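Enquirer: A structural model of the following input is requested.
(one chain, ligands or ions: 2)
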Amino acid sequence: MHEILDGGGVEVKMKFVLNGRAVSAELKGNERLMDLLWKLGIRSVKEGCSTGDCGTCNVLVDGRLVNSCMMLAVQARNKSVVTVEGISQNEELHPIQEALIEYTASQCGYCIPGIVVTAKYILEKYPQADENMVRQILIANICRCGGYTRIVEAIKSVIESSRR
Ligand code: FES
Ligand code: FES
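Expert: Ligands and ions are numbered 1, 2, ... in the order given. Coordinates of the predicted model:
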């Protein structure tokens, strides 16, 4: 197995866990996590800005919220990566997704995978989050349709039901 030498075009093999399944991948040392995910068939991860500003490429890496356009794929070596495909398991929607539908929070839908990942992060890390905190964390997710009010309401409803 090659090790990362210069972060450039070096061929690398690595293992990591993607949505609960062990994966072996061959990639370039300078490949972004987003690009590797696309190669592996993950289509929920969108490239909105490529500069870490829009959140459409958000994934969880060992539970941390990450812009996959800003992270080298090799940094995910031996880690666990979760995308929307891993949040809605066995073709059953996660309560976050159910709530986004219930609150008609999705318009064009482009931002929604990133929003779902961010909402999962909020639920796991800040289960006591209030509206202000939800809004503060969501500030890194741009919805060009301007659906923030309904998105926040949907996330708040899931937080509230998880406390019951
Ligand atoms: S595409 Fe990664 S933050 Fe916008
Ligand atoms: S629903 Fe269209 S960008 Fe958010």
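Enquirer: The residue nearest the centre of the chain: what secondary structure?
Expert: By C-alpha atoms, centre = their mean, the chain has its centre lying nearest to Val59, at 2.3 Å. Three-state assignment for Val59 (DSSP: H, G, I helix; E, B strand; the rest coil): strand.
Enquirer: mind listing the helices for the chain?
Expert: 33-39, 84-87, 95-102, 112-125, 131-138, 148-163 (DSSP state H).
Enquirer: Can you say which of the ones you listed is nearest to ligand 2?
Expert: Among the helices of the chain, the nearest to ligand 2 by C-beta to the nearest ligand atom is helix 112-125 (6.1 Å). Bear in mind the C-beta positions are built from the backbone N, C-alpha and C, glycine included.
Enquirer: re earlier: with distance to ligand 2, mean neighbour count and mean pLDDT added, can I get the helices of the chain in a markdown table?
Expert: Converted to a markdown table, the helices of the chain look like this (distance: least, C-beta to the nearest ligand atom, whole Å; neighbours: other C-beta atoms under 10 Å; pLDDT from 0 to 100):
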| stretch | distance to ligand 2 | mean neighbour count | mean pLDDT |
| --- | --- | --- | --- |
| helix 33-39 | 18 | 20 | 98 |
| helix 84-87 | 14 | 20 | 95 |
| helix 95-102 | 10 | 19 | 97 |
| helix 112-125 | 6 | 23 | 98 |
| helix 131-138 | 11 | 15 | 97 |
| helix 148-163 | 8 | 17 | 95 |
